[in-house]
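>>> Here's a sequence, model it:
(2 chains)
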Amino acid sequence: MRIPLSRIAHTRSGDKGDTANIGVIAWLPRYYPILLREVTPVRVKAFFGEMVKGGVDRFELPNLCALNLLLHHALGGGGTVSLRTDAQGKTLGAALLAMEIDVDERELTD
Amino acid sequence: MIRIANGQGFWGDWLEAPVRLVDGGPIDYLTLDYLAEVTMSILQKQRQADPELGYARDFPPLIGRIAKKLRERNIKVVANAGGVNPVACARAVLKAAAGLKVAVVLGDDILGCIDEFLGKGYEMRNIDTGEPISTIRDRILSANAYIGAFPLAEALATGADVVISGRCADAALVLAPMIDRFGWGPEDYDKLAAGIVAGHIIECGAQCSGGNCQVDWRNIPDLANIGYPIVEADPDGSFIVTKHPGSGGRIDSHGLKEQLLYEIGDPRQYMTPDCVADFTSLHLEDASPDRVRGSGVRGGPRPAMLKASISYHAGWKASGTLVYSWPDALEKARVADRITRQRLGQLGLHFDEIYTEYFGVNACHGPAARPRPEHADPPEVQVRISVRGADKRAVDRFTREMIPLVLTGPPGGTGYGEGRPEVRQIVAYWPALIPRDEIATRVEVIE
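Numbers count the residues shown, from 1 in each chain, chains lettered A, B, ... in the order given. Next comes the predicted model:
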């Protein structure tokens, strides 16, 4: 079944220059493998479309059941150069919660 | 065990927070982080206009407000309020609170050393883009190395009540008291890394105690009286993150995870001037309500290079907004944008970028904003058009193009009450690396 990422994770996002970072945290430890499988750099880049001009890197934090995503050249120049309202990517984590992922129902209930 | 609080996550944070930390229960150290990446350039300009300025001007009156309690309860303050003029900041503190002992940490300001460094062959390439600094040499406004916790600890060791630095690593403000009190050395990698992790958790103030937190946000208690965070640090490197009893907000491991991941890169190699911290080694545990224990942090040796924060002039920008109401608000807003661009083109003006957002539609999430059927014809839409470029006159001319649309564009335009948009200088940020050996810090006690 397809569900929004918000069912299994919460996020916080911010900036380092023109790179946005999104921390994605599984609500429960058993959801972490779903994050690893579904929240891939390719899908995240596709989700944000033309907003992310560079690549997407992903780092794993198994101790926190969390991922750190770096979206390069994603903030219109970043910091004070950017013309965007959300020049620091504060809301990009919330945006990602709408990304649809594929799960087996048993993965959510087991 | 020592209690280290953070009462300011950035310059402009809640003014009451540090006062409540001092009044609301036991703390030993009050840290305050005032410096964002481009703050230094603003302060540099202020200092150029007046040699007695160039520091966080909120800081001296704050110390005046809490000085009596600092003295009574032997609370030490560690703050990077010095900006580009820590000595002037210290003098202002002494004026606001006579009798305190104030120590300053100097040596981060490298604005006067750029040519010397270039002469030595340091290219100071932009960490993000790889460009050499020579491309912006004549536009540099400020340059500071991020200094670490050891010079701050040295300042605490003088017995100062208030320690003031310029540019330092944010988490170093929190690590410094641990070094001073626990006698940690530069090779206590794991302990230093633990202090850095604790510092990273509290350096953004209430963003770890319930602010900006997605976790069941509706039920976070009493955000109006949110408690700012306190680290209870132990000599073995383990720590508890908590807040004063009776204060608002919430501290739990889910919320702390959000802050741990905030604005980091590779979590295995969180670089600081004092050590490299491995965030994936941290063990977090909910100990009791509003108390989370952190332990197990591992770290590695400090890097040979220090990060420098350089700011430079990068042109001009302006943003203007108009509001269009139902019916067809979005369509009208789009037409207003098209007309504006056409008129700017006809004037022969050139910009590096013209960028348009529609509030209520896509301003935050851009192309990732998902259209919702109930928003197909929204009650109103605000259009925000922004330009940037090297030519200040072109940007200024743009600021005169928005309001005329009310009488010359699609029907129902309003929301121009704040008048013509302001032309603002773009002060951009240039992160670079310089060899640690080039930065000599020193501590001075100001009487």
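>>> if I look at B:A90, how far off is chain A?
Distance of B:A90 to chain A, given as CB to the nearest CB, to the nearest Å: 29 Å. Placement of C-beta: from N, CA and C, glycine included.
>>> and if you look at B:W326?
B:W326 is 22 Å from chain A, by CB to the nearest CB.
>>> Surely that residue touches B:D377?
Yes: the pair B:W326 / B:D377 is scored as a contact, 6.6 Å apart, by CB atoms under 8 Å.
>>> B:I385 contacts B:E353, correct?
No: if you go by CB under 8 Å, B:I385 and B:E353 don't touch, sitting 11.1 Å apart.
>>> So for stretch B:322-337, mean pLDDT?
Stretch B:322-337 shows a mean pLDDT of 97.
>>> Now do the contacts for the residue in the stretch 151-300 of chain B that chain A sits nearest to.
Of all residues in the stretch 151-300 of chain B, the one sitting closest to chain A is B:L261 (2.4 Å; CB to the nearest CB). Neighbouring residues of B:L261 by CB atoms under 8 Å, 6 or more residues apart in numbering or on different chains: A:R12, A:N21, A:G23, A:V24, A:I25, A:L61, A:L64, A:A66, A:N68, B:P267.
>>> And the last one, its phi and psi?
Spelled out, that is B:P267. Per-residue torsions, B:P267: phi -70, psi -20 (degrees, to the nearest 10).
>>> Now it: closest residue in space, sequence neighbours ignored.
B:F279 (3.9 Å; CB to CB, 6 or more residues apart in numbering or on different chains).
>>> okay, now the one you found: neighbour count?
Neighbour count for B:F279, taken as other CB atoms under 10 Å in any protein chain shown: 25.
>>> from memory it sits against B:R268, does it?
Yes: taking contacts as CB under 8 Å, B:F279 lies within contact range of B:R268: 7.1 Å.
>>> my guess is B:A198 contacts B:V174, does it?
Yes: the criterion here is CB under 8 Å, and B:A198 meets it with B:V174 at 5.9 Å.
>>> overlap in contacts of those two?
With CB under 8 Å, 6+ apart, B:A198 and B:V174 have common neighbours B:I4, B:V231.
>>> Tell me which of those two has more neighbours.
Just comparing B:A198 and B:V174: by other CB under 10 Å the higher neighbour count belongs to B:V174, 31 against 27.
>>> so what's the more buried one up against?
Applying CB under 8 Å, 6+ apart, the residues contacting B:V174 are B:I4, B:N6, B:T31, B:G195, B:A198, B:G199, B:I202, B:E203, B:V231.
>>> Run through the residues that contact the residue nearest to B:P267.
B:F279 sits in contact with A:L61, A:L64, B:V197, B:L260, B:I264, B:P267, B:R268, B:Y270, where contact means CB under 8 Å, 6+ apart.
>>> try it again with 7 Å
By CB atoms under 7 Å, 6 or more residues apart in numbering or on different chains, the contact list for B:F279 reads A:L61, B:V197, B:L260, B:I264, B:P267, B:Y270.
>>> Got the confidence number for it?
Listed pLDDT for B:F279 reads 98.
>>> Run through the chain and note the low-pLDDT ranges.
This is for chain A. Of all residues in chain A, those with pLDDT under 70 make up the ranges A:110.
>>> To clarify, I was referring to chain B.
B:374.
>>> Which neighbouring elements make contact with the longest strand anywhere in it?
The single longest strand within chain B, with elements called by DSSP state E, is strand B:305-325. Packing contacts for strand B:305-325, counted by 3 or more CB pairs under 7 Å, 6 or more residues apart in numbering or on different chains; DSSP states H and E, involve helix B:39-49, strand B:140-145, helix B:329-346, strand B:380-389, helix B:392-398, strand B:413-414, strand B:424-435.
>>> now those in a markdown table, with distance to A:L83?
Below are the helices and strands packed on strand B:305-325 laid out as a markdown table (distance: least, CB to CB, whole Å):
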| stretch | distance to A:L83 |
| --- | --- |
| helix B:39-49 | 19 |
| strand B:140-145 | 21 |
| helix B:329-346 | 13 |
| strand B:380-389 | 4 |
| helix B:392-398 | 11 |
| strand B:413-414 | 21 |
| strand B:424-435 | 10 |
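>>> so which of those gets nearest chain A?
Closest among these, once you apply CB to the nearest CB, is strand B:380-389, at 3.7 Å.
>>> That closest one versus helix B:329-346: what angle between them?
Interaxial angle, strand B:380-389 versus helix B:329-346 (axes from the mean of the first three to the mean of the last three CA atoms, to 10 degrees): 20 degrees.
>>> Can strand B:380-389 be said to contact chain A?
Yes: interface with chain A: strand B:380-389 contributes B:R384, B:S386, B:R388 (CB under 7 Å from any CB of the partner chain).
>>> quick one: strands adjacent to that strand?
Using DSSP bridges, strand B:380-389 pairs in its sheet with strand B:305-325 (antiparallel), strand B:353-359 (antiparallel).
>>> quick one: which of these is nearest A:E38?
strand B:353-359 (29.5 Å; CB to CB).
>>> which residues sit against the closest one?
Under CB under 7 Å, 6+ apart, the answer for strand B:353-359 is A:76, A:83-85, B:330, B:333, B:337, B:341, B:363, B:381-388.
>>> possible to save the contacts of B:V174 as JSON lines with distance to chain A and secondary structure?
Shown next, in JSON lines, are the contacts of B:V174 (distance: CB to the nearest CB, whole Å; DSSP: H, G, I helix; E, B strand; the rest coil):
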{"residue": "B:I4", "distance to chain A": "22", "secondary structure": "strand"}
{"residue": "B:N6", "distance to chain A": "17", "secondary structure": "strand"}
{"residue": "B:T31", "distance to chain A": "20", "secondary structure": "strand"}
{"residue": "B:G195", "distance to chain A": "18", "secondary structure": "helix"}
{"residue": "B:A198", "distance to chain A": "15", "secondary structure": "helix"}
{"residue": "B:G199", "distance to chain A": "16", "secondary structure": "helix"}
{"residue": "B:I202", "distance to chain A": "15", "secondary structure": "helix"}
{"residue": "B:E203", "distance to chain A": "12", "secondary structure": "coil"}
{"residue": "B:V231", "distance to chain A": "18", "secondary structure": "strand"}
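>>> Which pair of the residues you listed spans the longest distance?
B:N6 and B:G195 (13.1 Å).
>>> which residues does the residue in chain A that chain B sits nearest to form a beta bridge with?
Among the residues of chain A, A:G23 lies nearest to chain B; the distance is 2.4 Å by CB to the nearest CB. Taking DSSP bridges as the rule, A:G23 bridges to A:R12, A:N68.
>>> circling back to that earlier point, if we ignore the residues flanking it in sequence, what's nearest the residue of the stretch 151-300 of chain B closest to chain A?
A:G23 (2.4 Å).
>>> who are the neighbours in contact with the one you found?
A:T11, A:R12, A:A66, A:N68, B:E258, B:L261, B:Y262.
>>> who wins for most neighbours among the residues you listed?
The residue in those with the most neighbours, by other CB under 10 Å, is B:L261 (28 neighbours).
>>> Which of the three states applies to the residue in the stretch 51-200 of chain B positioned nearest to chain A?
Proximity of the stretch 51-200 of chain B to chain A (CB to the nearest CB) peaks at B:D128, 4.8 Å away. Of the three states, B:D128 takes coil according to DSSP: H, G, I helix; E, B strand; the rest coil.
>>> so it sits right up against A:G54, yeah?
No: with contact defined as CB atoms under 7 Å, B:D128 does not count as touching A:G54 (10.0 Å).
>>> ok, the two, which is more surrounded?
B:D128 (17 against 13).
>>> got the contact list for the more buried one?
A:G17, A:D18, B:P431.
>>> any idea what sits nearest the second one, other than its immediate chain neighbours?
If the residues on either side of it in the chain are set aside, A:D18 comes closest to A:G78, at 3.4 Å by CB to CB, 6+ apart.
>>> same thing with the last one?
Across the structure, with CB to CB, 6+ apart as the measure, the residue nearest B:P431 apart from its sequence neighbours is B:I127 (4.4 Å).
>>> quick one, phi/psi of the one you found?
phi -60, psi -30.
>>> What separation is there between it and B:E116?
For B:I127, the distance to B:E116 equals 21 Å [CB to CB, to the nearest Å].
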